[in-house]
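A.B. asks: Take this sequence and fold it.
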Amino acid sequence: MGVSRIPLLKEMIMLFKSSMIGMSLCLVSFVAAQSDAAELKAGDEAPAFTLDGESADPVKLSDFKGKKLVITFNRANWCPYCMKQVTDLQKHYGEIKDAGAELLVVFREEATGADGLKKIRDKTKATMPFALDLEAEKTGAYSPEGFDTYVIDEQGKIITVLEGTKPDRPMGDEILKVLRK
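C.D. replies: Predicted structure coming up:
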């Protein structure tokens, strides 16, 4: 009786191996497609978005057409690295505007919504526009890790991507160098 089970067992092992190989190939293809899709670079068209703003009016990429736009991504009011960057950007906000650009700070983890944005304004004395995109639902093509800054020209093309990490984000001086070129 044990002899008749061996071919069945061998067939099951072969089937398992082939299905694991197939699943592995699918996973590799999926990961490669995700990383290719998420890598925006200079010269690319900036992907459109419509986000919740602080007022009833949504914030759209098209609202900034005709002027340069700096978009930076942050987490929430509880993030010390985010507050450090927003505070620094506020110090340079006048110079950024003088360089012909607007600055938009998008928060992706500010679950308290407008109350959280008010808390950020109170902490940082920020006057630049804020928007919400929880879980990067609408801006997922930008900054997959969440800490990069994008400079977009008047026609909606990306001029540059300034890479950032959780503790080390692009600050005002670095952004101004790009805007003044």
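A.B. asks: Tell me where this structure has strands.
C.D. replies: Using DSSP state E, the strands of the chain run over 50-51, 59-60, 68-74, 101-107, 130-132, 149-152, 158-162.
A.B. asks: Export those strands to a markdown table and append columns for mean neighbour count, mean pLDDT and distance to Tyr81.
C.D. replies: Where C-beta positions appear, they are placed from N, C-alpha and C, glycine not excepted. Listed next are those as a markdown table, based on neighbours: other CB atoms under 10 Å; pLDDT from 0 to 100; distance: least, CB to CB, whole Å:
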| stretch | mean neighbour count | mean pLDDT | distance to Tyr81 |
| --- | --- | --- | --- |
| strand 50-51 | 16 | 96 | 21 |
| strand 59-60 | 17 | 96 | 23 |
| strand 68-74 | 24 | 97 | 8 |
| strand 101-107 | 23 | 97 | 13 |
| strand 130-132 | 23 | 96 | 17 |
| strand 149-152 | 24 | 98 | 13 |
| strand 158-162 | 19 | 97 | 15 |
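A.B. asks: now these as a markdown table including distance to Met171?
C.D. replies: Shown next, in a markdown table, are the strands of the chain (distance: least, CB to CB, whole Å):
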| stretch | distance to Met171 |
| --- | --- |
| strand 50-51 | 23 |
| strand 59-60 | 23 |
| strand 68-74 | 10 |
| strand 101-107 | 12 |
| strand 130-132 | 18 |
| strand 149-152 | 9 |
| strand 158-162 | 9 |
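A.B. asks: For the most centrally placed residue in the chain, give me its contacts.
C.D. replies: What sits nearest the mean C-alpha location of the chain, by CA atoms, centre = their mean, is Ser143, with 3.1 Å. By CB atoms under 8 Å, 6 or more residues apart in numbering, Ser143 lies in contact with Phe73, Ala136, Thr149, Tyr150, Gly164.
A.B. asks: quick check, nearest of those residues to Ser62?
C.D. replies: Tyr150 (15.5 Å; CB to CB).
A.B. asks: so what's the closest one closest to, chain neighbours aside?
C.D. replies: Using CB to CB, 6 or more residues apart in numbering and skipping residues adjacent in sequence, the residue nearest Tyr150 is Ile71, 4.7 Å away.
A.B. asks: residue contacts, that neighbour?
C.D. replies: With CB under 8 Å, 6+ apart, Ile71 has these contacts: Leu104, Val106, Thr139, Tyr142, Thr149, Tyr150, Ile152.
A.B. asks: measure it to Pro47 for me?
C.D. replies: Going from Ile71 to Pro47 by CB to CB, to the nearest Å gives 11 Å.
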